[in-house]
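S.K.: Provided below are the primary sequence and the corresponding predicted coordinates.
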Amino acid sequence: MGLDFEALTEATSGAVGGLLSTTILYPLDTCKSKYQAEARTSKYRKYRSPLDVFKEALQSRQLLSLYQGLGTKNIQSFVSQFIYFYSYGYIKNLYLKRSKKEKMGTGANLIVAAAAGACTAIATQPLDTASARMQTSSFGKSRGLWETLSAGDWKQAFDGLGASLVLTSNPAVQYTVFEQLKNRLITRQRAGTMAGEHTHGAAPAVLSAFSAFLLGALSKTVATVVTYPAIRCKVLIQVWEWKDEEAEQNIKKDPLDRRSKNMLDAINIIWHREGALGFYKGLEAQILKTVLSAALMLMIKEKTAKGTWLIMMAIRRWLMMRNSRPKLA
């Protein structure tokens with residue numbers, strides 16, 4: 001079976017967008033993650049907001065440590081975006097061909113996006129776990145990728161996989177909202193073009209950078225609010241670790257002072273330590289980071305899609321010419 005060049009184009013442009021947006025917003029992501037990773041009583045709480053993480057880095061002259069784990073995060077971001085967009089594009093095209101429809105409905109879009117998200121979560125979970133642990137390590141004490149992955153057994157590399165599978169609903173909601181709004185805007189653009197007096201060719205309708213940014217921000221906000229409790233639980237499962245001596249002395253006294261191994265543990269800890277509002281601790285920082293990241297990624301993806309498509313078509317043409325050459329006996 002040959003390559004699906006349309007899906008490959010979507011995957012490549014999406015991966016490039018994810019890589020650039022991750023790099024640009026990484027310091028904010030570090031502050032957000034270190035703040036989310038705490039689930040303690042007020043007596044032991046170190047950070048009152050993500051801004052406290054930045055102040056700590058500034059006061060300790062460790063600003064560059066806000067970038068610790070960037071390489072691993074970029075690998076994880078590129079691979080996950082590539083797998084997601086390729087899976088999404090491939091499954092979407094397969095569905096449209098078999099159903100003989102021109103567009104997917106909301107229900108089908110949700111199912112396709114969730115399936116693509118599940119493929120991505122399973123394939124990239126070790127990188128995601130390593131990235132989270134490196135990012136939330138003490139400033140200047142982050143280990144390398146291999147050291148982080150080999151610190152425990154292979155099962156620990158998949159910590160948080162259950163939560164990640166639950167979170168497949170996040171991109172499912174995000175891209176469904178984005179695609180539906182995008183289709184409406186493009187339909188209006190085409191209607192306006194058809195109604196115009198001067199029409200030169202059938203150029204493909206493409207979102208402007210500003211429109212893509214706004215739609216990306218809106219779609220990611222909706223998805224983040226809906227799925228945030230699972231996001232918070234996943235962070236705790238991946239990086240749960242007591243660091244101060246006073247808290248370590250209380251481990252035997254308080255059964256909650258232990259590493260959370262699954263979502264039920266994380267839910268129990270958050271509920272007893274922080275109450276219902278604890279499930280939304282850091283929501284503002286999460287929305288700011290993920291909305292900006294998703295908006296930038298989708299904007300870059302839309303703007304690189306045409307160039308990527310031209311490159312893919314050139315590669316396809318070259319492969320076809322190569323295969324059509326007569327072979328010497």
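M.R.: In hand now; what should we look at?
S.K.: can you give me the helices in the chain?
M.R.: Along the chain, counting by DSSP state H, helices occupy 5-24, 26-36, 50-59, 70-99, 106-135, 145-149, 161-166, 169-195, 209-239, 245-249, 263-274, 283-324.
S.K.: could you tell me the least trusted of those helices?
M.R.: Comparing mean pLDDT across the helices of the chain, the weakest is helix 245-249, with a mean of 43.
S.K.: residue nearest the centroid of this structure?
M.R.: Among the residues of the chain, the one closest to the centroid is Ser77, at 6.8 Å (Cα atoms, centre = their mean).
S.K.: sorry, back to before: JSON lines for the helices of the chain, including distance to Lys155?
M.R.: Quick note: C-beta positions are derived from backbone N, CA and C, even for glycine. Listed next are those as JSON lines, based on distance: least, Cβ to Cβ, whole Å:
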{"stretch": "helix 5-24", "distance to Lys155": "27"}
{"stretch": "helix 26-36", "distance to Lys155": "22"}
{"stretch": "helix 50-59", "distance to Lys155": "30"}
{"stretch": "helix 70-99", "distance to Lys155": "19"}
{"stretch": "helix 106-135", "distance to Lys155": "11"}
{"stretch": "helix 145-149", "distance to Lys155": "12"}
{"stretch": "helix 161-166", "distance to Lys155": "10"}
{"stretch": "helix 169-195", "distance to Lys155": "24"}
{"stretch": "helix 209-239", "distance to Lys155": "12"}
{"stretch": "helix 245-249", "distance to Lys155": "24"}
{"stretch": "helix 263-274", "distance to Lys155": "15"}
{"stretch": "helix 283-324", "distance to Lys155": "27"}
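S.K.: deepest-packed of the ones you listed, please.
M.R.: helix 26-36 (a mean of 23; mean count of other Cβ atoms under 10 Å).
S.K.: separation between the closest residue to Phe85 other than its chain neighbours and Ala305?
M.R.: When the adjacent residues along the chain are set aside, Phe85 lies closest to Gly14, with 3.5 Å between them (Cβ to Cβ, 6 or more residues apart in numbering). Counting by Cβ to Cβ, to the nearest Å, the gap from Gly14 to Ala305 is 9 Å.
S.K.: surely Pro229 touches Gly282?
M.R.: No - the criterion here is Cβ atoms under 8 Å, and Pro229 misses it with Gly282 at 11.5 Å.
S.K.: can you list phi and psi of the closest residue to Ile237 other than its chain neighbours for me?
M.R.: Distances taken as Cβ to Cβ, 6+ apart place Gly160 nearest to Ile237, at 4.4 Å, with adjacent residues excluded. The phi and psi torsions at Gly160 (degrees, to the nearest 10) take the values phi 90, psi 0.
S.K.: what's the answer for Ser138, then?
M.R.: According to degrees, to the nearest 10, Ser138 has phi -60, psi 150.
S.K.: count the neighbours of it for me.
M.R.: Ser138 has 13 neighbours, counted by other Cβ atoms under 10 Å.
S.K.: could you measure from it over to Gly17?
M.R.: Distance from Ser138 to Gly17, by Cβ to Cβ: 32 Å.
S.K.: kindly report the same for Ile75.
M.R.: Counting by Cβ to Cβ - Ile75 and Gly17 are separated by 16 Å.
S.K.: same check on Thr176?
M.R.: From Thr176 to Gly17 the distance is 18 Å (Cβ to Cβ).
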